[in-house]
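Student: Okay, sequence plus prediction incoming.
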Amino acid sequence: DIQVTQSPSSLSASVGDRVTITCRTSQPIDNSLNWYQQKPGQAPRLLIYEVSTLEIGVSSRFSGGGSGTQFTLTITSLQPEDVATYYCQRSDSFGQGTRLE
Amino acid sequence: DVQLVESGGDLVQPGGSLRLSCAASGFSLSGYWIHWVRQIPGKGFVWVSRIKSDGRSTSFADSVRGRFTISRDDAENTLYLQMNSLRVEDTAVYYCARDKGHGTPFDLWGQGTLVTVSS
């Protein structure tokens, strides 16, 4: 099975900042890498699928990229509503999460 | 509205059983793969089980295989997770989620239901 490792585990930033979260897979994969946002007390929400495709309704401040074994989620012009935990996922494996404060 | 609604979570003693339900509205479960994913509060997600759109093909995580079963009632448009021989480590919020299979994303999640296994 392909394992997914996410970093950092937590991140502190300020309004207006640009932040990047990294997800690494244990072996090269195709484009089936997805990103989710989870706010406290809520279910996860799909943000980006197939590495870089933005889900409908998601702000263009979110973007995804990468290939092979390394993938990134970037949030630009950070807003207060972006405070959440972010997870990458590939098939049945999830990253450990990055808590953005 | 297109949504998934879980129910059935409860406090149960170790060794006990519980059945979780995942009711779909606004779409047919039979058109999707449906998964159960669990999350220990404050921790990450762990995939538990899935049933493919054919309603027959099922898979389970090693940690629950032989103890959990997954089934679907197309007439009720509801998914079930029968959990037997429950262990303390099964304590988590259980979410159902849908995808189209073959690596597609989980594009719809329920709100989750809490299962607590404790004496």
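Tutor: Great, that's in hand. Numbering: from 1, shown residues only, chains lettered A, B, ... in the order given.
Student: How about the residues of chain B by chain A?
Tutor: Within reach of chain A by CB under 8 Å from any CB of the partner chain, chain B has these residues: B:37, B:43-47, B:50, B:61, B:95, B:97, B:102-107, B:109-112. Bear in mind the C-beta positions are built from the backbone N, C-alpha and C, glycine included.
Student: could I have stretch B:52-60 exported to PDB, CA atoms only?
Tutor: Output of stretch B:52-60 as PDB, limited to C-alpha atoms (Å, rounded to 0.1, in the frame of the first residue of the first chain):
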ATOM      1  CA  LYS B  52     -18.600  -0.500  -4.400                       C
ATOM      2  CA  SER B  53     -21.500   0.700  -6.600                       C
ATOM      3  CA  ASP B  54     -22.400  -2.900  -7.500                       C
ATOM      4  CA  GLY B  55     -23.500  -3.300  -3.800                       C
ATOM      5  CA  ARG B  56     -21.500  -6.600  -3.500                       C
ATOM      6  CA  SER B  57     -17.800  -5.800  -3.500                       C
ATOM      7  CA  THR B  58     -16.600  -4.800  -0.100                       C
ATOM      8  CA  SER B  59     -13.200  -4.100   1.500                       C
ATOM      9  CA  PHE B  60     -12.100  -3.600   5.100                       C
END
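Student: Name the residues of that stretch that are buried.
Tutor: Neighbour-count burial for stretch B:52-60, with 16 or more other CB atoms under 10 Å in any protein chain shown as criterion, is recorded at B:S53, B:F60.
Student: what sits up against that stretch?
Tutor: Around stretch B:52-60, the neighbours that count as contacts under CB atoms under 8 Å, 6 or more residues apart in numbering or on different chains are B:30-33, B:48-51, B:66, B:68-70, B:72, B:74, B:101.
Student: What's the ChimeraX line that selects buried ones from those residues?
Tutor: In ChimeraX syntax, the buried subset of the contacts of stretch B:52-60 is picked out as below (16+ other CB under 10 Å):
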select /B:32,33,48,49,50,51,68,69,70,72
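Student: Skip the chain neighbours and tell me the closest residue to the residue in chain B positioned nearest to chain A.
Tutor: Going by CB to the nearest CB, chain A is nearest to B:G103 of chain B, at 3.3 Å. With CB to CB, 6 or more residues apart in numbering or on different chains as the criterion, B:G103 has its nearest non-adjacent residue at 3.3 Å, and that residue is A:S32.
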